[in-house]
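**Q** show me how the following folds:
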Amino acid sequence: MSVVPITLKKPERSMAELADMIQDIKHKKARLDQELGVLERMLIEQVGPKEEGSKTITLDDGRKVTITGKLIYQADLNGLKALTKDWSPELIPIKTKEEADQTGLKWLRGNDPEHWAQIAVCVTLKPAKTSVEVK
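**A** Residues are numbered from 1 along each chain as shown. Below is the predicted model:
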């Protein structure tokens, strides 16, 4: 699928016009998302749902439709830890995820330049997408 760049016809639009356009497109997108959801549910009914894993159907014209089911496992970690405390470590279904503390890094950068300078070589900053909300 190729991406076609979209260019606005008139670059000198007022903020009100831009806000109107954004709201209009967001409403259209919401309606399209709803329609897409309905069509997907109809297709899943025809192919047959799959609890976990995928099922692929080849259409008469050669296109393939794949239905993928997934279960999300959630657990009471305290209960899980208590019930598996005597298990072999490789059998215990608990992960420990280490990740940078965004709040702590932000605080150090803004409030403690001496410590920030020591760790800044290990930290990459990049701008997130700026969000736009029109109410």
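**Q** ok, residue 47 - contacts?
**A** Shown in contact with residue 47 (C-beta atoms under 8 Å, 6 or more residues apart in numbering): 55, 57, 65, 67. Heads up, the C-betas are built off the backbone N, CA and C, glycines and all.
**Q** for ChimeraX, write a command that selects the buried ones of those.
**A** Here is the ChimeraX selection string for the buried members of the contacts of residue 47, based on 16 or more other C-beta atoms under 10 Å:
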select :67
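**Q** pipe the contacts of residue 47 into a markdown table and attach distance to residue 37 and secondary structure per row.
**A** As requested, those are exported to a markdown table (distance: C-beta to C-beta, whole Å; DSSP: H, G, I helix; E, B strand; the rest coil):
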| residue | distance to residue 37 | secondary structure |
| --- | --- | --- |
| 55 | 19 | strand |
| 57 | 20 | strand |
| 65 | 16 | strand |
| 67 | 14 | strand |
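**Q** strands of this protein, start to end?
**A** Taking DSSP state E as the test, the strands found in the chain are 53-58, 64-69.
**Q** distance from the chain centre to the last one, please.
**A** Averaged C-alpha coordinates place strand 64-69 at 20 Å from its chain's average position (C-alpha atoms, centre = their mean, to the nearest Å).
**Q** how about the first one?
**A** A distance of 23 Å separates the C-alpha centroid of strand 53-58 from that of its chain, computed with C-alpha atoms, centre = their mean.
**Q** quick check: chain neighbours aside, which residue is closest to residue 51?
**A** residue 69 (5.0 Å; C-beta to C-beta, 6 or more residues apart in numbering).
**Q** pretty sure the one you found contacts residue 48?
**A** No - the pair residue 69 / residue 48 is not scored as a contact, 10.1 Å apart, by C-beta atoms under 8 Å.
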